[in-house]
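>>> Sequence first, then the predicted structure, then my questions.
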Amino acid sequence: MACPICSEDSNAKYRPFCSKRCADIDLGRWLNGGYAIPSDNPEDAEDVAEAMDAELRAQNAQQQKPH
């Protein structure tokens, strides 16, 4: 089986990747949204924006509380 990142032979220890480096590259792509599925639905973008705004408000409120 070929590594999905560099096409080298995969290594059983890092399957389906050939090395920790390629596994880390793949993980970085997931974490940065590189594998996100695009949507034409504007409601999806609105839902994400609302959730992010709510999270920021909660974080700001938490920071402003006296200790």
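Sure thing, it's come through. Numbers count the residues shown, from 1 in each chain.
>>> Could you report the neighbour count for residue 14?
Residue 14: 16 surrounding residues under other Cβ atoms under 10 Å. Backbone N, C-alpha and C define where each C-beta goes, glycine included.
>>> so who does it touch?
20, 22-23 (Cβ atoms under 8 Å, 6 or more residues apart in numbering).
>>> most neighbours, which of those?
Counting neighbours by other Cβ under 10 Å, the top entry in the contacts of residue 14 is residue 22, with 20 neighbours.
>>> What distance do you get for it to residue 50?
The gap separating residue 22 from residue 50 is 36 Å, by Cβ to Cβ, to the nearest Å.
>>> Tabulate the contacts of residue 14 (CSV), appending distance to residue 43 and secondary structure.
CSV is the format used below for the contacts of residue 14 (distance: Cβ to Cβ, whole Å; DSSP: H, G, I helix; E, B strand; the rest coil):
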residue, distance to residue 43, secondary structure
20, 39, helix
22, 36, helix
23, 35, helix
